[in-house]
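Participant: quick one, structure for this:
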Amino acid sequence: MKLLIHADDLGNSRSISDNILDCFGSHLPLNGASIMANGHAFDYAAEEFNKLNGNYRLAVHINLMEGPACLSIDEVPLLVDKQGYFRHSFQSLFAAYYVSSKNRKAIAAQVKAEMRAQMQAVAKYLPPNCELHVDSHQHFHMIPFIFKLLMELHQEIPIGYIRIAREPFFFHIKGKGILNYFGLNLIKHLLLNFLAKKCTKLLKGTHIKSPDFFVGVLFTGNITIESVTKALTVLNTKHPNQELVIEILMHPGGASKEDASLWKKYPHLVEYYCSEFREKEKALLKSPALARVVKHFEKPRS
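Facilitator: Okay, the predicted model is just below:
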């Protein structure tokens, strides 16, 4: 079993980036991060990431839901407001494309252009001819038409790895864990697993790698050592002696109160980025307990 312990949202703000970067180290399990090309601290985060001592993965965190677009308002008018800030949620972009055929081609063209710009921005900080790793903010890339566009962009900008959120279902009801089965996380879990089947079909014949399984939706905002252990135990039991690649998503990048003003156009995101759960996930990533769990499941099986 190979575990990809991954942190999202690098580059979104300086404090978020510093908290993520602080989780990398020779004895710590974090081995990759995804960076937002349109983030408020993109250049700073990319430069600091490249100073890290270690062989870490830097992925493109495609962002189509918050902040200013990389392209101008005139280039992506169907994606942004009058100030050039993204205006769609996962649901509204899905509906805008699939419910009405009027702007379908234009939406696809603008999404493709914006994703190209974000991928090119990140590629500048990677070694020459390096294949990109790609995922997205709030899993937008798993909307089928967007995933198809990424497959087209692969012909221009080689993609070596793409996240597919194919997550095993598992029960962990200790403490507040039970709440994850009665809210939005369960709906997201079911929807993304459904979309994962479609994305997997689109991936065939491309030679782009993806994880066999993904952990990080069902317990988003509430990842604990127990939930990680439970998920890996379930996978190990169902797939004994298989060399699975499993991506585990964490959000250790908590924002400082000073950075809260960066999301004045998206007030609902302030609580999300300043959540105490991000502090807890950072502590988990730096804990010996998680390192032991990773070592246990990565050891060769007889």
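Participant: which stretches of the protein form helices?
Facilitator: Per DSSP state H, the chain carries helices over the ranges 14-21, 42-49, 90-98, 104-123, 144-153, 184-203, 225-238, 268-273, 276-285, 288-298.
Participant: so which of the ones you listed is nearest residue 72?
Facilitator: Each of the helices of the chain has some distance to residue 72 by CB to CB; the shortest is helix 104-123, at 10.1 Å. In short, each C-beta sits where N, CA and C put it, glycine included.
Participant: shaky segments in the stretch 101-250 of the chain?
Facilitator: Applying pLDDT under 70 to the stretch 101-250 of the chain picks out residues 172-182.
Participant: try it again with 90
Facilitator: Filtered on pLDDT under 90, the stretch 101-250 of the chain yields the residue ranges 101-102, 128-129, 169-186, 205, 218-223, 240-242.
Participant: returning to that earlier point: what's the closest of the helices of the chain to residue 73?
Facilitator: Ranking these by proximity to residue 73 (CB to CB) places helix 104-123 first, at 10.9 Å.
Participant: can you name every helix or strand that the closest one contacts?
Facilitator: Helices and strands touching helix 104-123, as assessed by 3 or more CB pairs under 8 Å, 6 or more residues apart in numbering; DSSP states H and E, comprise strand 57-62, helix 90-98, strand 132-136, helix 144-153.
Participant: what lines up beside the third one in the sheet?
Facilitator: As defined by DSSP bridges, the strand partners of strand 132-136 come to strand 57-62 (parallel), strand 159-162 (parallel).
Participant: what's the angle from it to helix 104-123?
Facilitator: Orientation of strand 132-136 against helix 104-123 (axes from the mean of the first three to the mean of the last three CA atoms, to 10 degrees) gives an angle of 130 degrees.
Participant: could you list the buried residues of strand 132-136?
Facilitator: Going by neighbour count (16 or more other CB atoms under 10 Å), the buried part of strand 132-136 is 132, 133, 134, 135, 136.
Participant: contacting residues around that strand?
Facilitator: For strand 132-136, contacts defined as CB atoms under 8 Å, 6 or more residues apart in numbering pick out 8, 32, 34, 57-64, 119, 122-123, 126, 141-142, 146, 150, 157-163.
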